[in-house]
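>>> Requesting a structural model of the entry that follows:
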Amino acid sequence: MFESNWIIKKEEKFGLELFERIKCSRIDAYKRGECEGLACLNDPFLINEMSVAVDCIMDHINKGSKICIHGDYDCDGVTSAYIVFDYLKSIGANVEWFIPDRFDDGYGISLAKAKSFSAEMVSLVITTDCGVTAMDEVDIIRNQGIDVIVTDHHQVKQSLPNANAVLCNSRIDNKYPYPYLSGSGMALKLVQALSKTLGSNDAYIKYIGICAIGTISDIVPLTGENKVLAGYGLELIKSNASPGLKAIIENAAIEKDKINAYTIGFIIGPRINAAGRMGNAALAFELLDEKDFGIALKKAAELSRLNELRKTEQEKAFNELKDYIFENGELLDSPILFLCREDIHKGILGIVASKLVDLFRKPVFVLKEENGICEGSGRSVEGFSLIKILNKANDFLLGFGGHDMAAGLRMKCNAVSELLRHFKDIYSDRKTFKKEVRIDTLCSLDEIDAGIIKKIDELGPFGAGNMIPIIAVENVYITGRKEMGKSGNHLSFDIIEEGRALRCVAFNAASYKHLIVEGQKYNIAFSPEINYFRGQETPQARLVDIELSEKNETIFKLLALKTFINKSMALKGNFNHKKLSRELFLIGMPETAGLVYSGKLKFSITRNYIEDFFKTFKECHIKNNKWKIESSDSMQILSIEILCELGILSVDRNALFSYYNININDGRKNGLENSLLYRSLME
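As a prediction, the model looks like this:
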């Protein structure tokens with residue numbers, strides 16, 4: 001908030017209506033034109049080596065060979081494995097499944113599992129959502145006389161594993177027209193190819209709902225083919241969910257007509273993921289495969305319990321690491337954070353890293369230390385590729401993989417400090433990255449009504465690559481500010497523009513609500529939505545970001561000052577610049593927070609300045625008792641606030657830095673040492 005970098009599409013034109021401007025701003029999501037149905041799906045045989053994979057699978061089915069589907073422990077890995085397993089079972093294949101345990105087996109194909117297939121009499125291994133970097137493991141399997149087909153979507157290394165076929169849309173020689181399919185998307189294409197070969201062209205369609213869950217949960221771009229699969233899949237889930245999926249939906253109390261990309265990404269997906277994070281992901285697979293609804297309900301309840309446990313562990317770890325970073329301020333100067341702990345739960349490393357990235361605006365790796373080995377996950381910011389930096393640090397690592405924005409690594413614990421020095425040398429000029437807010441278009445309030453919002457909703461499903469539209473209004477005021485929630489952590493207010501009003505809600509606004517005041521001019525970015533209440537449909541805005549209409553270094557300094565004043569009073573003088581730096585990070589002002597931490601920005605005042613200010617003010621006040629001050633002078637603002645706190649002055653406030661009807665309270669005397677704000681400044 002307040003310090004974000006707003007990116008507004010320059011090509012938008014006010015000559016087009018709001019809906020068309022939004023659509024034009026995200027042309028990548030709609031470059032397939034108006035084609036939205038299954039006819040838009042590409043021929044699966046365009047995927048490199050698909051014909052080889054299909055021939056190999058059909059050969060093993062005809063022989064009655066045992067086939068093992070090897071998935072992964074996250075939502076995409078579970079759903080992709082289920083899609084292939086259930087289809088092969090439905091056509092009479094001798095098929096079994098295996099989902100690795102995050103804690104015992106680790107990611108992908110473990111060496112131990114690779115060595116076990118022969119003893120298990122397996123003749124064909126099909127991987128889903130993993131395997132493209134498993135060079136040694138695939139060699140071990142092949143050396144046992146076992147065939148391997150890899151289906152994956154993760155980044156490849158310099159070469160591909162020596163499998164019979166590698167179906168991966170990130171291959172350097174990829175020929176498939178759409179390169180962003182998830183692991184479940186690649187699995188679906190394999191099933192589509194098999195069903196086409198067997199003359200049952202539509203047999204794959206029943207799996208699109210499960211594919212949509214994996215696609216949305218894995219945060220791949222919801223553009224092109226993914227958008228078609230997600231949209232069709234959501235409708236399929238509403239109309240014809242399997243017993244296992246119905247059980248999750250019922251347990252989570254999701255209304256059928258409320259099933260959308262949000263409920264998949266933030267309610268259903270996390271429950272499936274929780275099995276792998278906090279227990280064994282086999283539970284999630286078993287639930288998807290369960291045909292008895294009563295049994296499915298019990299398994300869904302267990303998933304829900306694991307998800308609540310995940311939330312508790314996640315919040316605990318996040319707060320501990322956040323406090324650790326603030327207490328060890330030198331970490332704030334590091335371009336990348338590497339946080340290695342023995343007592344952190346291995347199943348939540350990626351989620352905690354993501355939350356820390358949001359707070360500190362720099363890449364973060366959260367690692368678990370065990371037996372001298374650090375293993376964990378990293379998350380990044382826009383414009384900073386993790387996979388590229390890990391490629392530059394290969395000598396320090398035992399293994400790594402992933403994408404630009406998310407990656408995993410394994411290394412010796414004694415190499416962490418050396419690796420961090422390596423990164424500091426390369427990226428010493430970057431301390432933080434401003435949050436980027438991509439605005440679809442500017443608008444005026446008279447363009448927004450329930451009808452246009454419903455039309456905008458038709459551009460969904462929304463997710464990565466096709467985010468919920470964000471629009472912005474500039475130079476507006478707010479009124480009717482109210483705190484919401486038990487602790488007052490949420491806000492609602494009216495956005496006012498030329499006599500028109502739009503209600504806005506701001507969730508989790510506790511850190512910055514003191515900066516939202518009437519009389520101040522703002523730019524406000526929001527997602528338009530409809531509030532349904534007692535049969536009434538009312539347009540409203542959900543706050544995404546806010547900034548002052550005037551935005552420069554002086555304004556950022558004044559916002560920091562206002563925060564210092566507010567927190568000093570709230571904490572009864574128990575406040576200082578170190579704590580201010582922390583508060584500014586929480587607000588979303590990392591660059592200003594860094595200036596405060598480094599001492600480049602510091603607020604101070606002297607007794608003499610306050611006395612001289614009051615003397616000058618008193619002389620002028622005799623001549624004009626209707627004083628109004630709009631100031632960008634921090635010492636002048638501090639003087640007014642301290643004198644008001646002591647009861648020597650009384651003022652009315654307008655906007656953040658404007659005071660009017662300033663009066664001297666006759667006969668009031670109070671020592672500066674009684675001012676909480678003055679005491680904070682003296683710390």
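>>> give me the element the most centrally placed residue in the chain is part of.
Nearest residue to the geometric centre of the chain (C-alpha atoms, centre = their mean): Ser354, 6.6 Å. Assessed by DSSP states H and E, Ser354 sits inside helix 349-360.
>>> before we move on, what about Cys68?
Using DSSP H and E, Cys68 falls in strand 66-70.
>>> Could you list the buried residues of the helix or strand just after that strand?
Using DSSP H and E, the helix or strand that follows strand 66-70 in sequence is helix 75-90. Within helix 75-90, the residues that count as buried by 16 or more other C-beta atoms under 10 Å are 75-89. C-beta: built from backbone N, CA, C; applies to glycine.
>>> which one of the residues you listed is nearest His577?
Taking C-beta to C-beta as the measure, His577 lies nearest Cys75 of the buried residues of helix 75-90, at 43.3 Å.
>>> Can you report how many residues neighbour the nearest residue to the closest one once chain neighbours are set aside?
Spatial nearest neighbour of Cys75, excluding adjacent residues (C-beta to C-beta, 6 or more residues apart in numbering): Ser217 at 4.0 Å. Residues near Ser217, counting by other C-beta atoms under 10 Å, number 25.
>>> For the closest residue to Glu370 other than its chain neighbours, list the residues it contacts.
Among residues not flanking Glu370 along the chain, Glu342 sits closest, at 7.2 Å (C-beta to C-beta, 6+ apart). Contacts for Glu342 (C-beta atoms under 8 Å, 6 or more residues apart in numbering) come out as Lys368, Glu369, Glu370.
>>> mind listing what the host helix or strand of the first one pairs with, with the direction of each?
Right, the one you point to is Lys368. Assessed by DSSP H and E, Lys368 sits inside strand 364-370. Looking at strand 364-370 with DSSP bridges, its partner strands are strand 337-341 (parallel), strand 373-379 (antiparallel).
>>> So which bits of that strand are buried?
Per 16+ other C-beta under 10 Å, strand 364-370 contains these buried residues: Val364, Phe365, Val366, Leu367, Lys368, Glu369.
>>> same thing with stretch 528-542?
Result for stretch 528-542 [16+ other C-beta under 10 Å]: buried residues Pro528, Glu529, Ile530, Pro539, Gln540, Ala541.
>>> which one of these is nearest Gly71?
Glu529 (36.2 Å).
>>> Report the separation between that closest one and Glu619.
Glu529 sits at a distance of 55 Å from Glu619 (criterion: C-beta to C-beta, to the nearest Å).
>>> Low-confidence stretches in the stretch 351-500 of the chain?
427-432 (pLDDT under 70).
>>> So which residues of it form helices?
For the stretch 351-500 of the chain, applying DSSP state H, counting those that start in this stretch gives helices covering 386-391, 416-426, 450-457.
>>> With just CA atoms, put the shortest one into CSV.
These are the backbone C-alpha positions of helix 386-391, laid out as CSV (Å, rounded to 0.1, in the frame of the first residue of the first chain):
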residue,chain,number,x,y,z
LEU,A,386,14.8,-18.2,-8.9
ILE,A,387,15.7,-20.9,-11.4
LYS,A,388,18.2,-18.6,-13.0
ILE,A,389,19.9,-17.7,-9.8
LEU,A,390,20.0,-21.4,-8.7
ASN,A,391,21.6,-22.3,-12.0
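>>> what's the weakest-modelled helix or strand in this protein?
The weakest-scoring helix or strand in the chain, judged by mean pLDDT, DSSP states H and E, is strand 627-630 (a mean of 63).
>>> and the gap between Leu367 and Gly279?
21 Å.
>>> my bad, should have said Gly519
In terms of C-beta to C-beta, Gly519 sits 53 Å off from Gly279.
>>> The two - which one has more neighbours?
Gly279 (21 against 13).
>>> Quick check: chain neighbours aside, which residue is closest to that one?
Leu306 is the one closest to Gly279 (C-beta to C-beta, 6+ apart), at 5.4 Å.
>>> and stretch 214-230, how far out from the chain's middle?
16 Å (C-alpha atoms, centre = their mean, to the nearest Å).
>>> cool, stretch 176-185 as well?
21 Å.
>>> Name the residues of it that are buried.
Tyr176, Tyr178, Tyr180, Leu181, Ser182, Gly183, Ser184, Gly185.
>>> Same question for stretch 442-450.
Buried-residue list, stretch 442-450, by 16+ other C-beta under 10 Å: Leu442, Cys443, Leu445, Glu447, Ile448, Asp449, Ala450.
>>> can you check stretch 660-675 too?
Ile662, Ile664, Leu672, Ser675.
>>> Ok, stretch 117-124 next?
Phe117, Val122, Ser123, Leu124.
>>> what's the closest of these to Asn240?
Leu124 (30.5 Å).
>>> on that earlier part again, list of residues touching the helix holding Ser354?
In contact with helix 349-360 (C-beta under 8 Å, 6+ apart) are residues 310, 314, 317-318, 321-322, 325, 332, 337, 339, 344, 363-368, 376-381, 406, 408, 432, 585-586, 590.
>>> Please pick the buried ones from those.
310, 314, 317-318, 321-322, 325, 332, 337, 339, 344, 363-368, 376-381, 406, 408, 432, 585, 590.
>>> Against which helices or strands is the longest helix anywhere in the chain packed?
In terms of residue count, the longest helix belonging to the chain (DSSP state H) is helix 293-327. Packing partners of helix 293-327 (3 or more C-beta pairs under 8 Å, 6 or more residues apart in numbering; DSSP states H and E): helix 243-251, helix 269-278, helix 282-289, strand 337-341, helix 349-360, helix 577-587.
>>> who wins for proximity to Gly71 among these?
helix 282-289 (7.2 Å).
>>> now the angle between helix 243-251 and that closest one, please.
Helix 282-289 and helix 243-251 are oriented at 100 degrees to each other (axes from the mean of the first three to the mean of the last three C-alpha atoms, to 10 degrees).
>>> So what touches helix 282-289?
Contacts of helix 282-289 (C-beta under 8 Å, 6+ apart): 71, 75, 78-79, 81-82, 85-86, 97, 99, 101, 210, 242, 244-245, 247-248, 272-273, 275-276, 296, 299-300, 302-303, 306.
>>> quick check: mean pLDDT across it?
If you average the pLDDT over helix 282-289, you get 97.
>>> Would you mind getting the angle between it and helix 269-278?
140 degrees.
>>> how big is the angle separating helix 282-289 from strand 66-70?
Going by the same axes, to 10 degrees, helix 282-289 makes 110 degrees with strand 66-70.
>>> Please export the C-alpha coordinates of helix 282-289 as PDB.
Output of helix 282-289 as PDB, limited to C-alpha atoms (Å, rounded to 0.1, in the frame of the first residue of the first chain):
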ATOM      1  CA  ALA A 282      -2.200 -40.900  -0.300                       C
ATOM      2  CA  LEU A 283      -5.300 -39.800   1.800                       C
ATOM      3  CA  ALA A 284      -6.200 -37.200  -0.800                       C
ATOM      4  CA  PHE A 285      -5.800 -39.700  -3.700                       C
ATOM      5  CA  GLU A 286      -7.900 -42.300  -1.800                       C
ATOM      6  CA  LEU A 287     -10.600 -39.600  -1.300                       C
ATOM      7  CA  LEU A 288     -10.800 -38.800  -5.000                       C
ATOM      8  CA  ASP A 289     -11.000 -42.500  -5.800                       C
END
